[in-house]
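Asks: This is a predicted model, with the sequence first.
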Amino acid sequence: MYDIIIIGAGPAGMTAAIYGQRAGKSTLMIDKAGYGGNIITTPSVENYPGLKNVSGAEFAQLLFEQAESFGAEYQSAEVKGITDAAGVKTVHTDAGDFDAKAVIIATGQVNRRLGLDREDQLVGSGVSFCATCDGMFFRGRDVAVIGGGNTALEDAEYLAGVANKVYLIHRRDRFRGEQKTVDRLEKLENVEFILNSSPVRFIGDGPVTGLVIKNNLTGEERELAVQGVFEAVGQMPQNTNFADIAELDETGYIKATEACETGRPGIFVAGDCRTKKVRQLDTAAADGTIAALAASEYINSLE
Ligand code: NAP
């Protein structure tokens, strides 16, 4: 029996493990995709207070080592659900069941898809969600990045250093991501912004050989001869397995207070998977802290 089981080992989950252990509670992190969360694909983190410039992968590794150094445990497994009987929370996974006094759900988000024909089939054959992982396959070639948030901007910047040409395609006339990155991109000769435009379909019977885009103002279509399409159109939560233990909002996020409480005693939620306004690396870490301290207080109240 653990004191606290943390589902998800991203920045929120790993921070929760640090604070749980430091509060004297035994903690187990469970993640199906390896530790680190989505931040591992970010080439450079420049906005985490106190850290000037570190890669997302390095940040995640440091956080994991820090959690381990305090005694947190890690299990690779996919969580199927949580049951709560007589105060014991059982986390059911494909690697067996694990019991705890309290559970923190920190499952983050997964990549949103564009919903185009053959999109799933083309993942790995021209369609990618991770510029730093797959960018090298497109060395010297032409690629498109879809999206207007920080991920899309950073992907475009990274790919500009690898690919021959980068088209950055955004559905509106203004980017959502930071102006500082937009300014840097504007100076790169091999990056072309295509605004007010959305992808319509992939070209090519096998791997991607092109992308058809549509101007959202004029309806005009244009073919881009690209071999890679990097989708960066945001994320969505993956909380359906927890719908019977915590209430979800209409978009699938777990309803929570700012104290990371779900309303069910002993079940807490931290990071991007909960209802909140700002989803950033530091707000995820802050949630991990809050949830771990709340879980520790809950456990103390049982004794
Ligand atoms: P995001 O900020 O939600 O941006 C998603 C982008 O995709 C938006 O520009 C959106 O357009 C566009 N989009 C959504 N659905 C679309 C569709 N069906 N077709 C075409 N475009 C679509 O997502 P993100 O860039 O992944 O970032 C997620 C969070 O992580 C943000 O808070 C971001 O600041 C943060 N982040 C931080 C860093 C960093 O600090 N280094 C790096 C990466 C991400 P609209 O603008 O029109 O809605």
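Replies: Arrived safely. Numbering: from 1, shown residues only.

Asks: immediately after whichever strand or helix holds Arg222, which helix or strand?
Replies: Following DSSP states H and E, one finds Arg222 within strand 221-224. Toward the C-terminus, strand 221-224 is succeeded by strand 228-231 as the next helix or strand (DSSP H and E).

Asks: how distant is the strand holding Arg222 from the center of its chain?
Replies: How far strand 221-224 lies from its chain's middle: 30 Å, per Cα atoms, centre = their mean, to the nearest Å.

Asks: same thing with stretch 254-262?
Replies: With Cα atoms, centre = their mean, you get 19 Å for stretch 254-262.

Asks: coming back round to it: partner strands of the strand holding Arg222 and their direction?
Replies: Strand 221-224 has its sheet partners listed here by DSSP bridges as strand 210-215 (antiparallel).

Asks: Buried residues in the strand it pairs with, which are they?
Replies: Using 16 or more other Cβ atoms under 10 Å as the test for burial, strand 210-215 gives Gly210, Leu211, Ile213, Lys214. Any C-beta I mention is one placed from the backbone N, CA and C, and that applies to glycine too.

Asks: Then stretch 109-128?
Replies: Within stretch 109-128, the residues scored as buried using 16+ other Cβ under 10 Å are Gln109, Leu116, Glu119, Leu122, Gly126, Val127, Ser128.

Asks: Distance-wise, check the first one relative to the ligand.
Replies: Right, the one you point to is Gln109. 8 Å (Cβ to the nearest ligand atom, to the nearest Å).

Asks: The nearest residue to that residue once chain neighbours are set aside pairs with what?
Replies: Among residues not flanking Gln109 along the chain, Gln235 sits closest, at 3.3 Å (Cβ to Cβ, 6 or more residues apart in numbering). Judged by DSSP bridges, the bridge partners of Gln235 are Asn111.

Asks: Count the neighbours of Gln235 for me.
Replies: Neighbourhood size, Gln235 [other Cβ atoms under 10 Å]: 18.

Asks: pretty sure it contacts Ile39?
Replies: No. When contacts are counted by Cβ atoms under 8 Å, Gln235 is not listed as touching Ile39 (12.0 Å).

Asks: Tell me the spacing between the residue of the stretch 101-250 of the chain at minimum distance from the ligand and Asp155.
Replies: Scanning the stretch 101-250 of the chain for the residue nearest the ligand gives Gly149, at 2.3 Å (criterion: Cβ to the nearest ligand atom). From Gly149 over to Asp155 the distance is 10 Å, taken as Cβ to Cβ, to the nearest Å.

Asks: So which of the two has more stuff around it?
Replies: Comparing Gly149 with Asp155 by neighbour count (other Cβ under 10 Å), the higher total belongs to Asp155, at 29 against 17.

Asks: Assign that one to helix, strand or coil.
Replies: Following DSSP: H, G, I helix; E, B strand; the rest coil, we place Asp155 in the helix state.

Asks: ok, now which ones touch it?
Replies: Residues in contact with Asp155 (Cβ atoms under 8 Å, 6 or more residues apart in numbering) are Ala131, Val145, Gly147, Phe230, Ala232.

Asks: Spatially, what comes nearest to the first one if we skip its sequence neighbours?
Replies: Spatially, and ignoring its direct neighbours in sequence, Ala131 is nearest to Asp155 (3.8 Å; Cβ to Cβ, 6+ apart).
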